[in-house]
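A.B. asks: take a look and give me a structure for this.
(2 chains)
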Amino acid sequence: MTLLSIENLSLSIHQFDILHDVTLSIAAGEIVAVTGESGSGKSMTALATMQLLPKGAHTTGRIVLGDREITALDETTLCTMRGNDMGMVFQEPMTALNPVQTIGAQVAETIRIHDRTITRAEAFDRAAETLTRVGLPQDRFPLGRYPHELSGGQRQRVVIAMAIALQPRLLIADEPTTALDVTTQAQILDLLKRLAKEDDMGLLMITHDLAVVADMADRIVVMRNGKIVEQGETGHLLRHMRHPYTKMLFEASGHRVNLPAAPAPAPLMRVERVIRDYRLPRTSVFGAPGSFRAVDDVSFTIQRGERLGLVGESGCGKSTLTRALLGLEQVQGGSIMLDGEPVFTGTRPNLAVRRKMQVVFQDPFGSFNPRHRVDRLITEPFHLLPDPPSGAARTRAIDEALLAVGLTPRDATKYIHEFSGGQRQRIAIARALIIRPDLILFDEAVSALDVSVRAQILDLLAELCGAYDLTYLFISHDLSVVRTVTDRVLVMKSGKIVEEGLTKDVFERPQHPYTKTLIDAAPILPDIGVPA
Amino acid sequence: MLRYTLKRLFSLILSLAVASVVIFAVIEIAPGDPASFMLGMNAQPETLAALRSELGLDVSKVERYFAWTSGMLTGDFGTSYTYRTPVIDMIRDRLWVSLPLALYALVISTLVAFPAGIYAASRRGQAGDIGIMGATQLGVAVPNFWFAMMLVLIFAINLRWFAAGGFIGWDAGFWKGLHALTLPAIALALPQAAILARVMRSSLLDVLGEDFMRTARAKGLSSRQALWRHGLRNALIPVLTIIGLQFSFLLAGSIIIEQVFYLPGLGRLVFQSISARDLIVVESVVMLLVFSVILVNFLVDLAYAAVDPRLRSRT
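C.D. replies: Model prediction:
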């Protein structure tokens, strides 16, 4: 029986058309995944179902939950339905909870707001039951805990508990695991699946991750630019996808690149027994401050022309290690040498070495000064050089760098806001390339990009490897990406390198139990009808 | 929470000790000998020496510092050079005007600013918001002595609801005293209320954009319920900071308003003592003001922790 049916839903916000003729339905106990790239309208479909649209939104079409047409209800009635008939889980568990209220109070609030007759104590009892149900038992996670005392995965469980406390018929989960590590993601997905089954609840999953979609959805809805391009039962859709966009999406998600063969090994960077301690705040006025070892006895070598990967979950020390490699911070033990010279001397980075390294960061939006033109942005590394090129030589360098990343010399006079996310990441790569560094660090450089754009950037990397003999360290939490763009890989956990080897070997025959857990937890895209 | 409180208390005592040394040093360095100031240019050296000895100015600076601080701890602030009366009595009289006035102004300011800020934030961009923001712009821009004079003109001279100035004292009764302080308190409170309302509004708007507000709505709370239950407490931290700063300012910074309304407050005492080189009074009043600022900060710190559990655990 159909639980939720969305019929010809169109949505515009201040004259901007967001959704066109969206039609989809969910039966009780069914898991339907809506997928697509950013701007496809998948989140707006979810918010329209909850009727939590931003101001100025105008909808046409019908949304019917059970026997009630949601689109025709007034706000007061909608308030009685939200949390009661339909619950919602959001993407960012770190900020989805009120930081100044206990988790018990927040779960109990869902119960009390919909049932004025229930006593406070009864509501808290039921909150405790619900929390236990989502995997937060009272002996370890009492009701009086505050959100900041929990990890991201645990907070997401609290958000789920709030959404399912009254056993709604429909649960909407908007990118519920995107902000989580792979092992946590697997647990949360299992929990959602279990809850949907136990309560015979319809689950509308919004996600950009096709591997997640393929793994758990009964049906898939693919959206693009506010329209549904294709939908169907998961197995059937995967085998017989018709729309070119769907095919492109799946192809791009499992995109593999062909790296040119690496040259004969000759060490470029040697990292030996590096230790990085952070001072913790004093716990008492006269006591010595504690310390936290973020990087613990790490050693590895990057060969010239090698593409090395570094994988690990959040908090494992990847970013700390990156900063140490760049010579931005002093290490408390061991040495980091590039071409035989230390990266950090005295109290600051060693400039002679620093100019041989460049870095590309994750966020293509935050890592550029919006008031500078592209030519100025990408020539920033020139200040590292003893005598930077000027005049015609400078222009030539700019043109060359822009062409190398697939842009044109005309782009040099534009500002950064005129470019899309993918183009910005190309500009970031141009900025890194312009002084022909010996080593480039890619710090989650493709993590913020849509799959189709990510595939293009990965192709660009492979191309540049051929043209420039690039040596890079590719740092990422995304195993599938690391697998295709690296020759060798390091697996990091709690500040230590737990496994190291050729990428192919590590992925096919992981030795360390942690590596096995990571690889098992990562959802895999099925190999059906899609050329890899 | 106890640990947090003790740590704050420790830092309070430390700040006071440092402040007392600084105040003492600065005022001692300042030119002008009180004894020669009191006796005039043509004083006999013997008379001068006698007066210096009487005022306790002939011992070493270190001894004087300890005499001053230990005196303050026991409530003995010394004797005024010019009025020859105990400083503690002078301060006590003035404090009975300034402290109630500051509290009164703060209460008015908060009572005006909270509803105004909350109302403006909940109607962002609409007529109500624009109106309130325009009014606060005016409140910040117009000097408070002008407000004060307008208040006197309207409510004291034309309507005759209040006296134009002076203070009858608390002996006349609490309500009469309060009545006398009403116009100055309003004049003091208005600019503060304008600032506070703006802070309240922007802080609340920040919070309204947070993810947990959307979560609250998804639970079934109406936007009003979400604002009161989840928004307000989170928005309070910056507001508390401003309230703390305002109280300190109101206690000492009301000198102009005290002049307009002819009130015997602390501000005027400081002003008169500085003109007369009455160093012991200046030192004591400044120390008292510093103490009140530090004490208010301590209370604000405790209020932070009461509002935000994250601060309690981060001892």
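A.B. asks: when you work out contacts or count neighbours from here on, use the C-alpha atoms and nothing else.
C.D. replies: Noted.
A.B. asks: quick check: the residue of the stretch 1-150 of chain B nearest chain A.
C.D. replies: B:Lys7 (7.8 Å; Cα to the nearest Cα).
A.B. asks: nearest spatial neighbour of A:Ala28, skipping sequence neighbours?
C.D. replies: Residue nearest to A:Ala28 in three dimensions, not counting chain neighbours: A:Gly202, with 4.6 Å by Cα to Cα, 6 or more residues apart in numbering or on different chains.
A.B. asks: and the strands in the stretch 51-200 of chain A, which stretches?
C.D. replies: A:57-65, A:68-69, A:86-89, A:170-174 (DSSP state E, counting those that start in this stretch).
A.B. asks: give the other helices and strands that the third one contacts.
C.D. replies: Based on contacts counted as 3 or more Cα pairs under 8 Å, 6 or more residues apart in numbering or on different chains; DSSP states H and E, the elements that strand A:86-89 packs against are helix A:152-164, strand A:170-174, helix B:211-219.
A.B. asks: closest one to A:Asp487 among these?
C.D. replies: helix A:152-164 (31.8 Å; Cα to Cα).
A.B. asks: model confidence over the closest one, on average?
C.D. replies: Average pLDDT, helix A:152-164: 92.
A.B. asks: near chain B, anything from it?
C.D. replies: Yes - using Cα under 8 Å from any Cα of the partner chain, helix A:152-164 comes into contact with chain B via A:Met162, A:Ala163.
A.B. asks: which residues does that helix contact?
C.D. replies: A:83, A:86-90, A:93-94, A:96-97, A:103, A:106-108, A:110, A:127, A:130-131, A:133-136, A:147, A:171, A:176, A:180, A:184-185, A:188, B:218-219 (Cα atoms under 8 Å, 6 or more residues apart in numbering or on different chains).
A.B. asks: which residues of chain B lie near chain A?
C.D. replies: B:7, B:210-215, B:217-222, B:230, B:233-234, B:307-310, B:315.
A.B. asks: need the buried ones from those residues selected in ChimeraX.
C.D. replies: To isolate the buried subset of those in ChimeraX, counting by 16 or more other Cα atoms under 10 Å in any protein chain shown, use the following:
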select /B:210,211,212,213,214,215,217,218,219,220,221,222,230,233,234,307,308,309,310,315
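A.B. asks: all helices for the stretch 301-450 of chain A, in order.
C.D. replies: Using DSSP state H, counting those that start in this stretch, the helices of the stretch 301-450 of chain A run over A:318-325, A:351-354, A:374-378, A:391-404, A:421-433.
A.B. asks: to B:Tyr65, which of those lies closest?
C.D. replies: helix A:318-325 (50.6 Å).
A.B. asks: give me the pLDDT for the closest residue to chain B within the stretch 101-250 of chain A.
C.D. replies: Closest to chain B within the stretch 101-250 of chain A is A:Thr110: 5.6 Å, counting by Cα to the nearest Cα. Each residue has a pLDDT score; the one for A:Thr110 is 92.
A.B. asks: which pLDDT value goes with the nearest residue to it once chain neighbours are set aside?
C.D. replies: Excluding its sequence neighbours, the residue lying closest to A:Thr110 (Cα to Cα, 6+ apart) is B:Lys219, at 5.6 Å. B:Lys219 is assigned 91 on the pLDDT scale.
A.B. asks: and the contacts of helix A:152-164, which are buried?
C.D. replies: A:83, A:86-90, A:93-94, A:96-97, A:103, A:106-108, A:110, A:127, A:130-131, A:133-136, A:147, A:171, A:176, A:180, A:184-185, A:188, B:218-219.
A.B. asks: does the residue of the stretch 1-150 of chain B closest to chain A belong to a helix, a strand or coil?
C.D. replies: Assigned by DSSP: H, G, I helix; E, B strand; the rest coil, the conformation of B:Lys7 is helix.
A.B. asks: separation between it and B:Leu295?
C.D. replies: For B:Lys7, the distance to B:Leu295 (Cα to Cα, to the nearest Å) stands at 14 Å.
A.B. asks: give the contact list for the residue of the stretch 101-250 of chain A closest to chain B.
C.D. replies: A:Gly83, A:Met162, A:Ala163, A:Ala165, A:Leu166, B:Lys219, B:Gly220.
A.B. asks: can you count the residues close to the fifth one?
C.D. replies: Residues within reach of A:Leu166, counting by other Cα atoms under 10 Å in any protein chain shown, total 21.
A.B. asks: how close does the closest residue to it other than its chain neighbours get to A:Pro342?
C.D. replies: Spatial nearest neighbour of A:Leu166, chain neighbours left out: A:Asn84 (5.6 Å); criterion: Cα to Cα, 6+ apart. With the distance defined as Cα to Cα, A:Asn84 ends up 61 Å from A:Pro342.
A.B. asks: circling back to that earlier point, got CSV for the strands of the stretch 51-200 of chain A, with distance to B:Leu299 and mean pLDDT too?
C.D. replies: Shown next, in CSV, are these (distance: least, Cα to Cα, whole Å; pLDDT from 0 to 100):
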stretch, distance to B:Leu299, mean pLDDT
strand A:57-65, 45, 91
strand A:68-69, 53, 90
strand A:86-89, 38, 93
strand A:170-174, 42, 93
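A.B. asks: so which of those strands is nearest A:Ala28?
C.D. replies: It is, among the strands of the stretch 51-200 of chain A and with distance given as Cα to Cα, strand A:170-174, at 7.9 Å.
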